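1. sharing a sequence plus its predicted fold:
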Amino acid sequence: MGAARDPWAFVRQAAAGRVADSTLVGALLGDRVADVRIAALRAVAERKALPFVPTIVSILRNRQEESGVRREAAGALTALCSPDALDGLTEVAVSAARGVESDRDLGVEPPVPHDEEP
């Protein structure tokens, strides 16, 4: 698990994209550098690593997390197609629709009202 503790973020980020070890991926999901967390989320999605769904839901729900990481978490949950992800995705979507979270917080474009379509 040396790569997860490497002082250089680019080493941890590269490791996240190539790793198959679930312990290392778990450590990288909690890394202090957003790009490393994003790479780990992509690795989880690509490998269909369903055991990480609860961790990814927590990342998605964390309003203190960077928007790019939350956006990647939403994408990973969508790619994993796990019923366990549905509550987290729904909660964030409903919060956005109610204005509890801004679209900027989620890193998505606001919906276009039907009466204003081009």
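-> Arrived safely, thanks for sending. What you see is a predicted model; the values in this text were computed from it and never measured.
2. element containing D35, please.
-> Assigned by DSSP states H and E, D35 falls within helix 34-46.
3. and that helix, average pLDDT?
-> For helix 34-46, mean pLDDT rounds to 88.
4. who are the packing partners of that helix?
-> When contacts are defined as 3 or more CB pairs under 8 Å, 6 or more residues apart in numbering; DSSP states H and E, helix 34-46 sits against helix 9-18, helix 22-29, helix 53-61, helix 67-80. (C-beta placed from N, C-alpha, C; glycine too.)
5. can you convert these into TSV and add a column each for mean pLDDT, mean neighbour count and distance to R42?
-> Shown next, in TSV, are those (pLDDT from 0 to 100; neighbours: other CB atoms under 10 Å; distance: least, CB to CB, whole Å):
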stretch	mean pLDDT	mean neighbour count	distance to R42
helix 9-18	62	18	7
helix 22-29	72	19	10
helix 53-61	92	19	11
helix 67-80	92	20	7
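6. and of the ones you listed, who's closest to L89?
-> helix 67-80 (5.7 Å; CB to CB).
7. between that closest one and helix 53-61, how big is the angle?
-> Helix 67-80 and helix 53-61 are oriented at 140 degrees to each other (axes from the mean of the first three to the mean of the last three CA atoms, to 10 degrees).
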